[in-house]
Each structure stands twice: as C-alpha cells, then as structure tokens.
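S.K.: Fold the following and give me the result.
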Amino acid sequence: TREFLTGTDFRLRWLARVETFLQALAAGDGGGSLTEAEVSRTLASIMHSLGALRLVPSSLFLEQWLAAVGSPHRFSAQALANVLWAFARVQEAPPRAFLSEWFDAFELRMLDMARDTASPLTVVVDG
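M.R.: Just a heads-up that it's a prediction; the model follows:
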C-alpha cells in the first residue's frame, strides 16, 4: 500500500477531488444531488480514509473539512466513532470546540440507541 501511495499520483488526485468536494460544500453547493445523510457519511468517510491511509491532513484541509462539517451532530454514531478514530490514527488532535461538540453528539446518539433498543416487553429475570 505504501508503495502504491508513494509510487503513483493516487494520493494527490484523491486529495484534489476531496478538496473540490469541500469547496463545493463551502460555496453552498450542498454536495450536488447528495442528501444530507450522504454528505455527512461522505465527510466522515473522508476523515476515515485519511486515517486508514495514515495521511496527515494539512491545516487548510482540516479547516475546510471542519467548515463543511459545521457540527458533529449531523453524524451517526458510527460516523462519529470513525472520525475520532481517524484523528487518533494520524495523531492529530481535533480542535477543542469540535471535540466538545463531538462528545455531546456521541452522547445523544448513544441515548437514542438505548431508547431504540428498549422495549416495554423486556423481561428481567432475577436470578
């Protein structure tokens, strides 16, 4: 994988396409025909891909990504976990404000999941 990334222009071409996508979002394009959920999933996937490839994003790239995200509350629980994993993988600390919102969003997703799995027909056996 390293040889592919360093021996080809894949990394540069991928980053250029991602930057074009982020710029379109910043310009109010909204991701073209993508739904809000698809845009959120794509933004999370971008960070996850950076982590998987161990590509450290530039400061400008992170600024553009954070601006496109707006708030981590738009992410699913899985996307939230993937984004935080990516930051850790590239050894980059997310900005404090983003991290604070991330924790709030993650807590809400966990509460939603707990509420969705709770059933009024749950039987508890005391044994």
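S.K.: The chain: helices as residue ranges?
M.R.: 2-7, 10-26, 36-53, 59-69, 77-89, 96-117 (DSSP state H).
S.K.: which non-adjacent residue is nearest Phe61?
M.R.: Glu19 (7.0 Å; Cβ to Cβ, 6 or more residues apart in numbering). Bear in mind the C-beta positions are built from the backbone N, C-alpha and C, glycine included.
S.K.: For that neighbour, give its distance to Ser59.
M.R.: 13 Å (Cβ to Cβ, to the nearest Å).
S.K.: Mind checking which of these two has more residues around it?
M.R.: Shown here are Glu19 and Ser59; by other Cβ atoms under 10 Å, Glu19 has more neighbours (15 against 8).
S.K.: Pop out the phi and psi values for Val90.
M.R.: phi -90, psi 10 (degrees, to the nearest 10).
S.K.: residues contacting the residue nearest the centre of the chain?
M.R.: Nearest to the geometric centre of the chain sits Ala44, at 2.3 Å (Cα atoms, centre = their mean). Applying Cβ atoms under 8 Å, 6 or more residues apart in numbering to Ala44 gives the contacts 75-76, 78-80, 82-83.
S.K.: any idea how far Asp9 is from it?
M.R.: Separation of Ala44 from Asp9 (Cβ to Cβ): 25 Å.
S.K.: which stretches of the chain have low pLDDT?
M.R.: For the chain, the stretches with pLDDT under 70 are 1-2, 4-6, 30-31, 118-127.
S.K.: Go again with 90.
M.R.: 1-15, 23-40, 53-59, 70-78, 92-94, 103, 106-127 (pLDDT under 90).
S.K.: Any figure for the gap between Arg109 and Gln23?
M.R.: Per Cβ to Cβ, Arg109 is found 29 Å from Gln23.
S.K.: before we move on, what about Val39?
M.R.: The span separating Val39 from Gln23 equals 14 Å under the rule Cβ to Cβ.
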